[in-house]
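# Sequence and predicted structure, then a few things I'm wondering about:
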Amino acid sequence: MTSRKTPSPLARLALGLGAAACLWLAPQGALAQGRLDAQYEATLAGIPVGKGTWTIEIGDDMFAATAQGGTAGLLKAFSGGSGSGASVGRIVNGVLAPNAYTATTTTQKKSETIRMSLVNGGVKEFSIDPAPPVDAERIPVTDAHRKGVLDPMTGSILRVPGNAEVLSPDSCRTGAGIFDGRMRYDLKLDYKRMETVRAERGYHGPALVCAIYFTPVAGYIPDRPVIKYLATERRIEVTLVPIAGTRVLVPFRMTIPTPLGLAMLEATSFVTTATPPRVAKTN
């Protein structure tokens, strides 16, 4: 969500970090089935600036995630904007294997859509419509940079391997490579603390708080202040809670300190439901 004619670097990075904040896809055990229906509010220095929804469905052999959002409050009065994203894929031996990702950002004067297809943990094809102008100062993204990565939406789902407690410090100690259609960056997580969170509707219980460390790799302009700021910032946090019936954690809250005050995305409604596994038909 942004009030600019095109998505600002800070807006894209904030959404990308929020979507890709937590990731560990381990090829062991099967994922249980569950569903999340959540609503979020974005604030800056305590002032509401946006609202959105997020739905995740985890089946026995597939997954789907969709998100929608838009500006709200005072920001909407000056410049309305909206965005949506979706990722779909298969579940193979407990691993999320995305097939397709789409993200669209719309303002009063312009709309932009990013599309990606992924195969075997890499980006097969991607496009930005309309095509952005070429900037000679931007570090090029090579084919090698698009291997061993996930899209931001799939990267938002943290699958905890094994049979130990899901909400444990070890669940934070991981990292990931993300490609959002423009930029290739690495995220490293580390344990900070445990908390208790309460949504206005739905989830009330323990939560895992992880630090997030951002490292740009390619697709960015090195002299941009926002890149330098995020690469050195050590106070970005994500608060994770489980989807009922699964070993999957997703963000309940995310905070990013900024020069204008604390930017926060937090769930106001967080309803998760466990669903029984599908029983194979027998003759």
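Thanks, I have the structure now. Numbering: from 1, shown residues only.
# which is the next helix or strand following the helix or strand in which residue 34 is found?
Secondary structure assignment for residue 34, by DSSP states H and E: strand 33-44. Note on strand 33-44: by DSSP H and E, the next helix or strand toward the C-terminus is strand 47-58.
# What are the buried residues along that following strand?
Across strand 47-58, burial judged by 16 or more other CB atoms under 10 Å covers 49, 50, 51, 52, 54, 56, 57, 58. The way it works is simple: take the backbone N, C-alpha and C, and place the C-beta from them, glycine included.
# same thing with stretch 129-141?
The neighbour-count check on stretch 129-141 (16+ other CB under 10 Å) flags 138, 139, 141 as buried.
# Filter these down to the ones in helices?
Among those, no member is found in helices (DSSP state H).
# from those, which is closest to residue 259?
Lowest distance from residue 259 to those (CB to CB) belongs to residue 138, with 23.6 Å.
# wouldn't residue 209 be in contact with residue 193 here?
Yes: between residue 209 and residue 193 there is a contact at 4.9 Å, judged by CB atoms under 8 Å.
# Looking at these two, which has the bigger crowd around it?
More crowded of residue 209 and residue 193, by other CB atoms under 10 Å: residue 209, with 18 against 13.
# I figured residue 129 hits residue 112, correct?
Yes: with contact defined as CB under 8 Å, residue 129 reaches residue 112; the gap is 7.0 Å.
# neighbouring strands for the strand holding residue 34, and are they parallel or not?
Applying DSSP bridges, strand 33-44 is found paired with strand 47-58 (antiparallel), strand 261-275 (antiparallel).
# got TSV for those strands, with distance to residue 155 and mean pLDDT too?
TSV is the format used below for the strands paired with strand 33-44 (distance: least, CB to CB, whole Å; pLDDT from 0 to 100):
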stretch	distance to residue 155	mean pLDDT
strand 47-58	13	92
strand 261-275	15	95
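# Quick check: mean pLDDT of the strand holding residue 34?
For strand 33-44, mean pLDDT rounds to 94.
# what about the helices in this structure?
So, for the chain - with DSSP H - the helices run 9-19, 73-78, 152-155, 225-232.
# And the strands in the stretch 151-283 of the chain?
Listed in chain order, the strands of the stretch 151-283 of the chain (DSSP state E, counting those that start in this stretch) span 158-159, 175-179, 184-198, 201-202, 204-218, 237-242, 248-258, 261-275.
# Point out where the stretch 1-150 of the chain drops to low pLDDT.
Confidence mapping of the stretch 1-150 of the chain against pLDDT under 70 gives the ranges 1-32, 73-80, 94.
# That one: strands as residue ranges?
Secondary structure of the stretch 1-150 of the chain (DSSP E, counting those that start in this stretch): strands located at 33-44, 47-58, 62-71, 81-92, 95-107, 111-119, 122-129.
# can I get those strands in CSV with distance to residue 145?
As requested, the strands of the stretch 1-150 of the chain are exported to CSV (distance: least, CB to CB, whole Å):
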stretch, distance to residue 145
strand 33-44, 29
strand 47-58, 27
strand 62-71, 23
strand 81-92, 19
strand 95-107, 16
strand 111-119, 13
strand 122-129, 9
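# Tell me which of the ones you listed sits nearest to residue 189.
Residue 189 lies closest to strand 95-107 among these, at 17.0 Å (CB to CB).
# How far does the closest one sit from its chain's centre?
Relative to its parent chain, strand 95-107 has a centroid offset of 10 Å by CA atoms, centre = their mean, to the nearest Å.
# That one pairs with which strands, parallel or anti?
Partners of strand 95-107 in its sheet, by DSSP bridges: strand 81-92 (antiparallel), strand 111-119 (antiparallel).
# now, of those, which is deepest in the fold?
Of the strands paired with strand 95-107, the one with the most neighbours on average (mean count of other CB atoms under 10 Å) is strand 81-92, at a mean of 19.
# Output that strand as CSV, nothing but the C-alphas.
What follows is strand 81-92, C-alpha atoms only, in CSV (Å, rounded to 0.1, in the frame of the first residue of the first chain):
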residue,chain,number,x,y,z
GLY,A,81,-4.4,2.7,-3.3
SER,A,82,-5.0,-1.0,-3.2
GLY,A,83,-3.1,-4.3,-3.7
SER,A,84,-3.6,-8.0,-4.0
GLY,A,85,-1.5,-11.1,-4.1
ALA,A,86,-1.8,-14.9,-4.5
SER,A,87,0.3,-18.0,-4.5
VAL,A,88,-0.7,-21.6,-5.3
GLY,A,89,1.2,-24.8,-5.3
ARG,A,90,1.5,-28.4,-4.3
ILE,A,91,2.6,-30.1,-1.1
VAL,A,92,5.1,-32.8,-1.8
